[in-house]
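A.B. asks: here is my input; please provide its structure:
(2 chains)
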There are 2 protein chains.
Amino acid sequence: MTMNRQVRLASRPVGIPQAENFAMAEAPIPAIGDNQFLVRNRFLSVDPAMRGWLADTGNYKIAAEGSAAGNIDTGTVMRSLAAGEVLESRNPEIKTGDLLTGWFGWQEYAVARPADLVQKITAIDLPMSLSLGILGLNGVTAYIALTRLGGLAPGKTVLVSTASGSVGSAAGQIAKLHGCRTVGIVGGPIKAALCMDEFAYDAAVDYKAGNLDAKLREVLPTGVDTYFDNTAGEISDTARMNMAIGGRIIVCGTAAVSSWNPTPLGPRIERIALTRRLTISGFIVFDHVKDWNPAVERLTQWVRDGKLRYREEFLTGIDAAPDSIAGLYRGDNLGKRLIQLY
Amino acid sequence: MTMNRQVRLASRPVGIPQAENFAMAEAPIPAIGDNQFLVRNRFLSVDPAMRGWLADTGNYKIAAEGSAAGNIDTGTVMRSLAAGEVLESRNPEIKTGDLLTGWFGWQEYAVARPADLVQKITAIDLPMSLSLGILGLNGVTAYIALTRLGGLAPGKTVLVSTASGSVGSAAGQIAKLHGCRTVGIVGGPIKAALCMDEFAYDAAVDYKAGNLDAKLREVLPTGVDTYFDNTAGEISDTARMNMAIGGRIIVCGTAAVSSWNPTPLGPRIERIALTRRLTISGFIVFDHVKDWNPAVERLTQWVRDGKLRYREEFLTGIDAAPDSIAGLYRGDNLGKRLIQLY
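C.D. replies: This is a model prediction of the structure:
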């Protein structure tokens, strides 16, 4: 009998999830029921949002009906998007050999229900792993957020934090493809170079080098029309001071704040929101599942045409999973972090 | 020669403008030039926004082209909306005897240019003073903000701070007229009673009585769809925690924060903005001057039909002006504060 190696939540993290919050386990693969299908995972996704899914602050408990963003209980398999191949199916829509992405978890095999399916991978000319990054969660997040909330138009200025990351690099390029001027905020000169050399930013600013405000003022003389915020915290406090009248802030992630329990203090935003008539919008892609496939189609075409670039980083084997989220927050990675199982 | 009594800015206030920041002066009335007209002010407006116009933080310096929201220099007449009668005109569109509201300042007579005109008062069956309150700045602000940004629909829940004030009471009633459930936040039992007895709120909560969060939870069991924020500060921190998923916050005023220089600290909003997918929008009515007259028409009809109520409070004589803003922030007033000159 084939055993299924799994990563389970051992203890609820305080702040950033660490390796010791997880435990390896083995379990038999259960028989599949009506409408279910058995997937062998090939790639497991590692995402900053996992921190929020593991938090006990109650924030994410108030999640949209049917979204995958609720809390995860200790003892259960870590929730994750994964890409794999169907080995067996009792669902008429899913065939053996289909390549899928879905909520298959940090494990080698998943018995999945239709609600776990995110997409069938149809772009079989492209690497399967892209379906978890630029052609999956990260690219789709950037695309839907910017096209719904970003007010993209030729000549607009778009600022992106974690600009070389998997969501940020997609956001910068998508804004550029809409004719915007793009500026990225990154941590360190390697990521700044990546922004300029790979992701077509017009400018990149390294916040770790200091004087972020002065540097932003220099490269953003007319202010920011749209700030795609993946960090929150002090980086975003500085970005906010550089917004143009009528500017938009998309709050997509809070990577720079290590704990939200209790809520940390920062400069109040009400006055600048009022005087500059800002619009600040929280965005979670799982609210927009109906827009997912059209977004993937558009992104796929850009990738095929060489207009949309991406970086991936592969960790090998499921044993790499427990430390993989902490590594994201340490900034270890360049590009979309994935765990390759075979 | 008739002299013109004026209130001039004597010194720039730190925080809330006080009586000693102003000085009384007398000046001759200059001759009117081409296209200008001479107005004799009957009512001067007193508005919380005056604090921002007087601030030296630079916030309002970045104001929309043509808006009246820029800074005011010391030595000049205090900027104000006023309502008065035309005594003389060299403008073909303006006739002697016309009743106008405009940027006529805290003075008895104003030589005005076309750009100073806000509206001709056409509802001569109603008190002229309404053109500065429910049928002017305050009502128009509430109406345009809510109809553009409020997502008003039957069954939605709308929370309003400074709920019995001149903007707040208009906002609550306008939301109610759109079929919303309305809850007001006020300071003190008299204002709470005013909300219930005069302004048709479904519930009113006195923040000064303590336990604001528990009281809001009790009257807002399904959360707030739209929060019309006139206060900022701790009241709004608590309101924010009671927002429903997808809720909207309109930042219209910051009356509860006495100084924005330096920017005070408060709980960071990024995480709740993200997890609840809030939309937070700053609103300044002067961005929407084209919508002004249609808004006045709609509001006028509601007032004539007895569907929209208002409170006014009159101070007498221009000598009352210097202390009148401080009084607003002390919460002295019930209803729209005006200075009646004759």
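
A.B. asks: just the helices in chain A please.
C.D. replies: Ranges of helices in chain A, per DSSP state H, are A:50-54, A:137-149, A:166-177, A:189-197, A:212-219, A:233-240, A:270-275, A:292-304, A:324-330.

A.B. asks: mean confidence for the fourth one?
C.D. replies: The average pLDDT for helix A:189-197 rounds to 97.

A.B. asks: give me the contacts around it.
C.D. replies: With Cβ atoms under 8 Å, 6 or more residues apart in numbering or on different chains as the test, helix A:189-197 has contacts from A:163-164, A:169, A:172, A:184, A:186, A:201, A:203-206, A:209, A:311, A:334. Bear in mind the C-beta positions are built from the backbone N, C-alpha and C, glycine included.

A.B. asks: wait, which of these is closest to chain B?
C.D. replies: A:A163 (17.4 Å; Cβ to the nearest Cβ).

A.B. asks: just give me the neighbour total for that closest one.
C.D. replies: Per other Cβ atoms under 10 Å in any protein chain shown, the neighbour tally for A:A163 reads 28.

A.B. asks: before we move on, what about A:D73?
C.D. replies: A:D73, neighbours per other Cβ under 10 Å, totals 9.

A.B. asks: does it touch A:L9 like I think?
C.D. replies: Yes - the pair A:D73 and A:L9 qualifies as a contact (Cβ atoms under 8 Å) at a distance of 7.1 Å.

A.B. asks: which non-adjacent residue is nearest A:L44?
C.D. replies: A:I339 (4.1 Å; Cβ to Cβ, 6 or more residues apart in numbering or on different chains).

A.B. asks: which residues touch A:W302?
C.D. replies: A:Q173, A:L177, A:L308.

A.B. asks: same thing with A:P28?
C.D. replies: Neighbours of A:P28 in contact, by Cβ under 8 Å, 6+ apart: A:M1, A:M3, A:N4.

A.B. asks: if we go to 10 Å?
C.D. replies: Listed by Cβ atoms under 10 Å, 6 or more residues apart in numbering or on different chains, the contact set of A:P28 reads A:M1, A:T2, A:M3, A:N4, A:Y109.

A.B. asks: in a markdown table: the residues you listed, plus distance to chain B and pLDDT.
C.D. replies: Formatted as a markdown table, the contacts of A:P28 follow (distance: Cβ to the nearest Cβ, whole Å; pLDDT from 0 to 100):
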| residue | distance to chain B | pLDDT |
| --- | --- | --- |
| A:M1 | 41 | 72 |
| A:T2 | 39 | 83 |
| A:M3 | 37 | 93 |
| A:N4 | 32 | 97 |
| A:Y109 | 32 | 98 |
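
A.B. asks: circling back to that earlier point, now for the residue nearest to A:L44, how many residues are close by?
C.D. replies: Neighbours of A:I339 (other Cβ under 10 Å): 23.

A.B. asks: before we move on, what about A:T96?
C.D. replies: When neighbours are defined as other Cβ under 10 Å, A:T96 has 11 of them.

A.B. asks: so who does it touch?
C.D. replies: Per Cβ under 10 Å, 6+ apart, neighbours of A:T96: A:F37, A:L38, A:E85, A:V86, A:L87, A:E88, A:S89.

A.B. asks: that one and chain B, how far apart?
C.D. replies: To chain B, A:T96 is 38 Å away according to Cβ to the nearest Cβ, to the nearest Å.

A.B. asks: now do A:S80
C.D. replies: 19 Å.

A.B. asks: check contacts around that residue.
C.D. replies: Contacts of A:S80 (Cβ under 10 Å, 6+ apart): A:7, A:41, A:43-47, A:50, A:53, A:68, A:102-107, A:110, A:132, A:321, A:324, A:339.

A.B. asks: one more time with 7 Å, if that's ok
C.D. replies: Neighbouring residues of A:S80 by Cβ atoms under 7 Å, 6 or more residues apart in numbering or on different chains: A:L44, A:S45, A:G105, A:W106.

A.B. asks: counting neighbours, what do you get for the first one?
C.D. replies: When counting by other Cβ under 10 Å, one arrives at 28 neighbours for A:L44.

A.B. asks: so which residue is smack in the middle of chain A?
C.D. replies: Computing the C-alpha centroid of chain A and ranking residues by Cα atoms, centre = their mean puts A:N138 first, at 4.4 Å.

A.B. asks: by mean pLDDT, show me the worst of the helices of chain A.
C.D. replies: helix A:50-54 - the lowest mean pLDDT of these, at a mean of 88.

A.B. asks: and that helix, how far out from the chain middle?
C.D. replies: What separates the centre of helix A:50-54 from the centre of its chain is 12 Å, taken as Cα atoms, centre = their mean, to the nearest Å.

A.B. asks: what's the answer for stretch A:100-109, then?
C.D. replies: That offset, for stretch A:100-109, works out to 17 Å (Cα atoms, centre = their mean).

A.B. asks: quick revisit: can I get the helices of chain A in a markdown table including distance to B:N261?
C.D. replies: Listed next are the helices of chain A as a markdown table, based on distance: least, Cβ to Cβ, whole Å:
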| stretch | distance to B:N261 |
| --- | --- |
| helix A:50-54 | 34 |
| helix A:137-149 | 31 |
| helix A:166-177 | 33 |
| helix A:189-197 | 33 |
| helix A:212-219 | 17 |
| helix A:233-240 | 16 |
| helix A:270-275 | 10 |
| helix A:292-304 | 43 |
| helix A:324-330 | 34 |
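
A.B. asks: test my guess that A:R181 contacts A:A200.
C.D. replies: No - the pair A:R181 / A:A200 is not scored as a contact, 10.9 Å apart, by Cβ atoms under 7 Å.

A.B. asks: about what we covered before: determine which two of the contacts of helix A:189-197 are furthest apart.
C.D. replies: For the contacts of helix A:189-197, the farthest-apart pair by Cβ to Cβ is A:A209 and A:R311; their separation is 21.6 Å.

A.B. asks: the more surrounded of the two?
C.D. replies: A:R311 (18 against 12).

A.B. asks: now for that one: which residues touch it?
C.D. replies: A:S169, A:E198, A:L334, A:G335, A:K336.

A.B. asks: what is the neighbour count of A:L216?
C.D. replies: Using other Cβ under 10 Å: A:L216 sits among 22 other residues.

A.B. asks: any regions of the stretch 1-150 of chain A where pLDDT drops low?
C.D. replies: A:56-70 (pLDDT under 70).

A.B. asks: kindly recompute the last result at 90.
C.D. replies: A:1-2, A:14-15, A:48-49, A:51-73, A:124 (pLDDT under 90).

A.B. asks: go on, the stretch 201-342 of chain A?
C.D. replies: Along the stretch 201-342 of chain A, segments meeting pLDDT under 90 span A:255, A:258-261, A:328-335.
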